[in-house]
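1. kindly return the folded structure for what I paste below:
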Amino acid sequence: MRYALALLLALAWLPARGGDGARFVQTPYTEQKVLFDFYFDDPQKIDSALYWVRSLIRPLMDSPYDMAPEFLDIKVLIHGTEIVTLAKKNYEKYRDAVERMKYYHALGVEFRVCGLAAEDYGYRLQDFQDFILLTPSAMTELAHWQLQGYAVIRPIVMEKKFSIEELR
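-> The predicted structure follows:
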């Protein structure tokens, strides 16, 4: 009996044979509460990390979910070298990233900057773009929002060594 049960469980995990490929699954997503934790060693990595935000927002706003932005409670916490992208004096250098953040902000995404990190860089409240919320500390923010039930996503941004064509 034990052997039969073990065999049955093992067979359940084997892939189906003779299929026509992968199968699409329409997950029944609901309202989202997400905190993106940005902490990068290179300010340029914010460009790739912002695609993670897009990858959350876009499918939820598109059909079949058709969620309005008010059903997406998304925050981005910034406390690494990418903090420099939000300083007004650096706008020209990081224009594309700032404009994308402004677009996401218009959809309701909050961009929060760690006050301790800002202090380390010598930035004051008035040094930042007007859509930025300055918070006391990234660590207290992380703890607070997790206790409020937010999912935390930490984008991993790696250096691209191969093109998609090379990997296929």
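2. after the worst-scoring helix or strand of the chain on mean pLDDT, next one along is what?
-> Counting by mean pLDDT, DSSP states H and E, the chain has its least confident helix or strand at helix 2-13, which shows a mean of 44. Once the chain leaves helix 2-13, the next helix or strand it forms, by DSSP states H and E, is strand 32-38.
3. so, low pLDDT: which residues of this structure?
-> 1-18 (pLDDT under 70).
4. mind doing that once more with 90?
-> The model of the chain has pLDDT under 90 over residues 1-20, 29-31, 68-72, 157-168.
5. tell me which stretches of it form strands.
-> According to DSSP state E, the chain carries its strands in the segments 32-38, 72-78, 110-114, 132-135, 151-153.
6. I'd like the ones you listed as TSV, with distance to residue 141 and mean neighbour count appended.
-> Heads up, the C-betas are built off the backbone N, CA and C, glycines and all. Shown next, in TSV, are these (distance: least, CB to CB, whole Å; neighbours: other CB atoms under 10 Å):
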stretch	distance to residue 141	mean neighbour count
strand 32-38	8	20
strand 72-78	5	22
strand 110-114	6	22
strand 132-135	5	18
strand 151-153	10	14
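7. closest one to residue 89 among the ones you listed?
-> With CB to CB as the criterion, residue 89 lies closest to strand 132-135 of the strands of the chain, at 13.7 Å.
8. for the closest one, packing partners?
-> strand 110-114, helix 115-120 (3 or more CB pairs under 8 Å, 6 or more residues apart in numbering; DSSP states H and E).
9. for residue 160, which of these is the nearest?
-> strand 110-114 (25.1 Å).
10. strand partners (parallel or antiparallel) of that closest one?
-> Next to strand 110-114 in the sheet, as set by DSSP bridges, lie strand 72-78 (parallel), strand 132-135 (parallel).
11. related to what we said a few turns ago, can you put the strands of the chain in TSV and add distance to residue 54?
-> As requested, these are exported to TSV (distance: least, CB to CB, whole Å):
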stretch	distance to residue 54
strand 32-38	11
strand 72-78	11
strand 110-114	14
strand 132-135	19
strand 151-153	12
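12. which of those sits closest to residue 92?
-> strand 132-135 (17.5 Å).
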